Structure formats: structure tokens, C-alpha cells
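# Just the structure for this:
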Amino acid sequence: PAPLPMLPPPIPQQAPIYAPGALPIAPTVMPAPAAYVGGAAPQPAVAYPAREVPNFFQSPFREWDDEDAAQHAYNLAQWRVKILQAKLQQAKLRRKLFATASKAAAAAPPGG
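Residues are numbered from 1 along each chain as shown. You can find the predicted model right below:
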């Protein structure tokens, strides 16, 4: 039988590295505030109204939405008119072409 492959030696766990004689820094703890000593009692904090979070999914000018929709509908209607006018012009040219081709076919001698 073939010899079993050798596994690499396990990696030893290393201790954290600090400067010689230094210990890890503890988080800074602020001392408790001293009791109020004085004449007048402190005033309560001013409560400001909550700010409205902007909604980026709505247009900022909602009063313009109807106008924009009307302008879009008008543009679509104008495109439709242009397309229909182009089709009408093509039909006129096609009628003219067929009339010319039929005249030429009628004037040609039979069989040839």
C-alpha cells in the first residue's frame, strides 16, 4: 500500500503582540457628572420638532405631476398624427405608382 500523506504541523496560537511592558488599552470611562450646585435649577432641554425625512421616490413638485402627464399625452398624440400623415402620404404615392404602372402596362403591346 501507498504511504499516507503527511499533514502539516498545526499552527500555534500566538498571543497578542504589545509593546514591552504595555498592556491592552482599556476603554476610557467618563466620570459621573457632579451633582448640580448653584442657585437656579437647570432648564430642561429644548424639544425641537422632528424633521421630515425626504422621500426620494416621490417628485418634490406634486402639483406639476398633472401638467407633466398632460404634456406627455399631448406629445404622444402629436406623434400619432405625424405617423398617420406619413401613412397617408405613402398611400398617395402608392396610388400614383400603381396608376403609372397600369398605364404603362396598358400601353405595352400584348405578349411583350
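# can you give me the helices in the protein?
Ranges of helices in the chain, per DSSP state H, are 65-107.
# quick one: low-confidence ranges for the chain?
By pLDDT under 70, the low-scoring segments of the chain are 1-5, 7-42, 55-56, 58-61, 111-112.
# 80 - rerun?
By pLDDT under 80, the low-scoring segments of the chain are 1-64, 108-112.
# Gln43 and Ala50, how far apart?
21 Å (C-beta to C-beta, to the nearest Å). Using the backbone N, CA and C atoms, a C-beta is placed for each residue, glycine as well.
# meant to ask about Gln90
According to C-beta to C-beta, Gln90 and Ala50 sit 63 Å apart.
# Of these two, give the one with the bigger neighbour count.
The residue with more neighbours, out of Gln90 and Ala50, is Gln90; 10 against 6, by other C-beta atoms under 10 Å.
# now that one: how far from Leu97?
Counting by C-beta to C-beta, the gap from Gln90 to Leu97 is 10 Å.
# what does Val53 give?
Per C-beta to C-beta, Val53 is found 65 Å from Leu97.
# One more: Asp65?
48 Å.
# Quick one: residues contacting Val81.
Val81 is in contact with no residue at all, counting by C-beta atoms under 8 Å, 6 or more residues apart in numbering.
# Val53 and Leu97: which has the busier surroundings?
Comparing Val53 with Leu97 by other C-beta under 10 Å, the one with more neighbours is Leu97, at 10 against 6.
# need the contact list for the more buried one.
Shown in contact with Leu97 (C-beta under 8 Å, 6+ apart): no residues.
# and it, how far is that from Gln89?
For Leu97 relative to Gln89 (C-beta to C-beta), the value is 13 Å.
# tally of neighbours for Ala106?
7.
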